[in-house]
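Q: Give me coordinates for this.
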Amino acid sequence: MGVSCTLNGKTVVLNIDASVPHLWAIRESADLTGTKFGCGIAQCGACTVHLDGRPVRSCSLPTSIAAGRVITTIEGVSGSAAAAIKEAWEKLDVAQCGYCQSGQIMSAVALLNQNHDPSDAEIDAAMNGNVCRCGTYVRIRAAIHEAARMQKSQK
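A: Below you'll find the model as predicted:
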């Protein structure tokens, strides 16, 4: 009695109770531990994954929400936006402790997939709710701008 979905490009059955938060299905059933538990109430963003390409907080969604849908975690995120974000993150040394980074990156990739040249206000809106306890928000914003420039120069 599992939940069937596409997880990081592969059809899988998550063998876990459908009412359990999806974060735990990802971490425990699929053994993908890059998505982090932060608060458990969808307020910090550490558990952000993509559900059909949109960023969602996996700690507050039941696993049943994944049935028949496409889920992407930090382990499976790919494409030009993901490559640019990852490169900019390293170039600008964004991560400090690193705990929030998978959620930050997932939100940033979703933003650049939708908006190839976001303003500061658009970045702030898209990243709202992704808490960085180390306070690297200035570097995060700069890295998103850098990734947008990188993508633009590759076209």
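Q: can you pull out the strands in this protein?
A: Along the chain, counting by DSSP state E, strands occupy 3-7, 10-14, 48-51, 54-57, 70-72.
Q: Adjacent strands (with direction) for the shortest one?
A: Strand 70-72 has the following strand partners under DSSP bridges: strand 3-7 (parallel), strand 48-51 (antiparallel).
Q: The lengthiest helix in the chain: which residues count as buried?
A: Using DSSP state H, we find that the single longest helix of the chain is helix 137-154. For helix 137-154, the neighbour count (16 or more other C-beta atoms under 10 Å) marks 137, 139-148, 150-151 as buried. Backbone N, C-alpha and C define where each C-beta goes, glycine included.
Q: May I have stretch 81-101 as PDB, with CA atoms only?
A: In PDB, the C-alpha atoms belonging to stretch 81-101 read as follows (Å, rounded to 0.1, in the frame of the first residue of the first chain):
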ATOM      1  CA  ALA A  81      18.700  27.000 -14.000                       C
ATOM      2  CA  ALA A  82      19.900  24.400 -11.600                       C
ATOM      3  CA  ALA A  83      23.400  24.300 -13.100                       C
ATOM      4  CA  ALA A  84      23.600  28.100 -13.000                       C
ATOM      5  CA  ILE A  85      22.300  28.300  -9.400                       C
ATOM      6  CA  LYS A  86      24.800  25.700  -8.200                       C
ATOM      7  CA  GLU A  87      27.700  27.400 -10.000                       C
ATOM      8  CA  ALA A  88      26.700  30.800  -8.600                       C
ATOM      9  CA  TRP A  89      26.300  29.400  -5.100                       C
ATOM     10  CA  GLU A  90      29.800  28.100  -5.200                       C
ATOM     11  CA  LYS A  91      31.300  31.100  -6.900                       C
ATOM     12  CA  LEU A  92      29.800  33.500  -4.300                       C
ATOM     13  CA  ASP A  93      30.400  31.200  -1.400                       C
ATOM     14  CA  VAL A  94      26.700  31.400  -0.400                       C
ATOM     15  CA  ALA A  95      26.600  28.500   2.100                       C
ATOM     16  CA  GLN A  96      27.800  29.000   5.600                       C
ATOM     17  CA  CYS A  97      26.500  26.200   7.800                       C
ATOM     18  CA  GLY A  98      24.700  24.700   4.800                       C
ATOM     19  CA  TYR A  99      21.600  23.300   6.500                       C
ATOM     20  CA  CYS A 100      19.100  25.500   4.700                       C
ATOM     21  CA  GLN A 101      20.800  25.300   1.300                       C
END
